[in-house]
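Chemist: Generate a structure from the sequence data that follows.
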Amino acid sequence: MIKKTVILFLSIFTAVSIFAQDTPSGGFLPEDVIIRLSYENFKNLKLLSAAIMNFGGGESEFKGLVQTYAQATSLYFQKKNPEAAKEFQKNEDDIQKTGMDLAVKYNERTNEIQTEIIEYNVRTRIDAELKGERIPAPAEKLLSQAIEAMRFANDLKDREKPVEAIDYYRIAKKKCFEYYEVMATFDKNLKIDEIREKYEKDMKDNESQIYTSKEKKN
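Modeler: The predicted model follows:
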């Protein structure tokens, strides 16, 4: 279903772009708003699509945002520019709200994963140093990069830039999982397969892919 929605969405965006090129600009507003938001809303919805499916309201939420975009486009095709501009602005507001809600969820999820890793890192480091050993330097570097990405993501969220914030939350989580992969070569008690299974959804989402649960696969 999501693929059909995206195809429809792409068709609408293409049509708006072509129509906009053929329509003479009669003033600053509302056509400038329509042209800007037809592009920006499309871009942000495309970037948020996997996040919505994985951690948001799923198909129904994504479909609702696309429908508002389609309604705005329909008004534009009818040359009802003031109404179209208003609908595109509503679509922008809805996308922003969805993005901010998702950014909060990503913040909570990333913080949970990082806290777990920091606790593991402290315990493992103490054990290693008591034995006269050191944990791998690449692992320490990955943990540092994860923390830095989290800080950057939080700053973007606070500045109400949710799409960009989600990108950096994903980077932070990815660095955390790479940390585990490195540590698995050092700590033979680390059950890397269990970690991969536990965070399979996050790993899929990090690549902007839609996660399908094992129940749905079967």
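
Chemist: longest helix of this protein?
Modeler: Counting residues, the longest helix in the chain under DSSP state H turns out to be helix 81-130.

Chemist: Now do Leu102: how many residues are near it, please.
Modeler: Using other C-beta atoms under 10 Å, Leu102 is surrounded by 24 other residues. For the C-beta atoms, the positions are set from N, CA and C on the backbone; glycine is no exception.

Chemist: residues touching it, list them.
Modeler: Counting by C-beta atoms under 8 Å, 6 or more residues apart in numbering, Leu102 touches Leu48, Ala51, Ile52, Phe55, Gly56, Pro162, Ile166.

Chemist: For the second one, give its distance to Ser38.
Modeler: Taking C-beta to C-beta, to the nearest Å as the criterion, Ala51 is separated from Ser38 by 21 Å.

Chemist: mind listing the strands for this structure?
Modeler: Using DSSP state E, the chain contains no strands.

Chemist: Domain map for it?
Modeler: 2-99, 101-217 (automatic domain parsing).

Chemist: in this protein, what spans have low per-residue confidence?
Modeler: 1-29, 214-218 (pLDDT under 70).

Chemist: That one: helices as residue ranges?
Modeler: Using DSSP H, helices in the chain cover 2-22, 31-55, 58-77, 81-130, 137-158, 162-183, 192-198, 200-206, 214-217.

Chemist: so of the ones you listed, which one's packed in deepest?
Modeler: helix 162-183 (a mean of 22; mean count of other C-beta atoms under 10 Å).

Chemist: okay, the angle between that one and helix 81-130?
Modeler: If you take axes from the mean of the first three to the mean of the last three C-alpha atoms, to 10 degrees, helix 162-183 sits at 20 degrees to helix 81-130.

Chemist: Measure how helix 162-183 sits relative to helix 31-55, angle-wise.
Modeler: Going by the same axes, to 10 degrees, helix 162-183 makes 30 degrees with helix 31-55.

Chemist: Would you confirm that Asn111 contacts Met150?
Modeler: Yes - using C-beta atoms under 8 Å, Asn111 makes contact with Met150 at a distance of 7.3 Å.

Chemist: what is in contact with the two at once?
Modeler: Counting by C-beta under 8 Å, 6+ apart, nothing touches both Asn111 and Met150.

Chemist: hmm, back to that, report the angle between the longest helix of the chain and helix 58-77.
Modeler: 150 degrees.

Chemist: Quick one: distance of helix 81-130 to the chain centre.
Modeler: 8 Å (C-alpha atoms, centre = their mean, to the nearest Å).

Chemist: Tell me the spacing between Met96 and Gly57.
Modeler: Just to correct that, residue 96 is Gln rather than Met. Distance from Gln96 to Gly57, by C-beta to C-beta: 15 Å.

Chemist: same question, Asp205
Modeler: 15 Å.

Chemist: Could you do Gly99 as well?
Modeler: Gly99 sits 12 Å away from Gly57, taking C-beta to C-beta as the criterion.

Chemist: before we move on, what about Phe152?
Modeler: In terms of C-beta to C-beta, Phe152 sits 26 Å off from Gly57.

Chemist: same check, this time on Glu83
Modeler: 26 Å.

Chemist: Ok, Arg134 next?
Modeler: Applying C-beta to C-beta to Arg134 and Gly57 gives a distance of 46 Å.
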